[in-house]
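Asker: Predicted coordinates and the sequence they were generated for:
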Amino acid sequence: MNDKDQDFPSFITGGCLCGAIRYTVNFNQEHPWPPISSACQCTMCRKWTSSLIAQFLVISPKQINPALNTFLSFKEYMSSPGRFRGFCGDCGTSIAWRSVDYTPIFDLYLGTLDENYLVGDGVVAKTLAAPNGTQYWLQNAVHGVTDVLEGGKKYSEEGPDGIRGAEDSVTREDYGNIEVFCSTQTRCEDLKSLPSSAHFPQSREA
């Protein structure tokens, strides 16, 4: 039996469409199963993922291996001040979302997980696909179509902090002061004016 068949896997794997980016998300005592699973129907997430509902896992950078910035094809787009959306520069797969205001966590798009975890009637698939965190921007829902996803806290727009993510469920104390990943394309020098809560490592040389 492998981790895809277990009710409580110690890891899950995924990557982009072309295979240039491959990752493993690990679960342990510090970061236990199940992960926080959330969804968003804001227009930006819809355009970013080309889908009506963007589903994602809220995880710590400590859990993902290798770090996304180690891949030369990993790029980031600043969709709004301090908000970055990561993708594969080769095939265009939407992979991640992060905020400089919440460096201990980032969002990993659920659809990038390997197919084995997201099909069938297994416990793992149902756990990952059913939100247990937050559902955002339900005012954009297509009635009878995209408003049927059950689970999690539900908000008409953003969460109470005005940030799309699971910040109302996960605090800095939960994960500690963790540096976020920074892709080779992120202009880290240009981000020095951002809030001091953002801790960026230096960009790798291409």
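Answerer: Perfect, I can see it now.
Asker: Confirm residue 47 sits in a helix?
Answerer: Yes: under DSSP: H, G, I helix; E, B strand; the rest coil, residue 47 falls within a helix.
Asker: Adjust the sequence numbering to begin at 24 for everything that follows.
Answerer: In the new numbering, first residue 24, that becomes residue 70.
Asker: which residues sit in contact with it?
Answerer: By CB atoms under 8 Å, 6 or more residues apart in numbering, the contact set of residue 70 is empty. For every residue, glycine as well, the C-beta is placed using N, CA and C.
Asker: and the gap between it and residue 50?
Answerer: 31 Å (CB to CB, to the nearest Å).
Asker: cool, residue 176 as well?
Answerer: Distance from residue 176 to residue 50, by CB to CB: 22 Å.
Asker: same deal with residue 180?
Answerer: Taking CB to CB, one finds residue 180 at 31 Å from residue 50.
Asker: Same check on residue 155?
Answerer: With CB to CB as the criterion, residue 155 and residue 50 are 14 Å apart.
Asker: where in this structure is pLDDT low?
Answerer: 24-30, 182-229 (pLDDT under 70).
Asker: Can you show me the strands along it?
Answerer: 34-38, 45-49, 59-63, 77-82, 87-88, 97-103, 106-111, 117-122, 129-132, 157-159, 176-177 (DSSP state E).
Asker: tilt between the second one and strand 34-38?
Answerer: Our comparison of strand 45-49 with strand 34-38, counting by axes from the mean of the first three to the mean of the last three CA atoms, to 10 degrees, yields an angle of 160 degrees.
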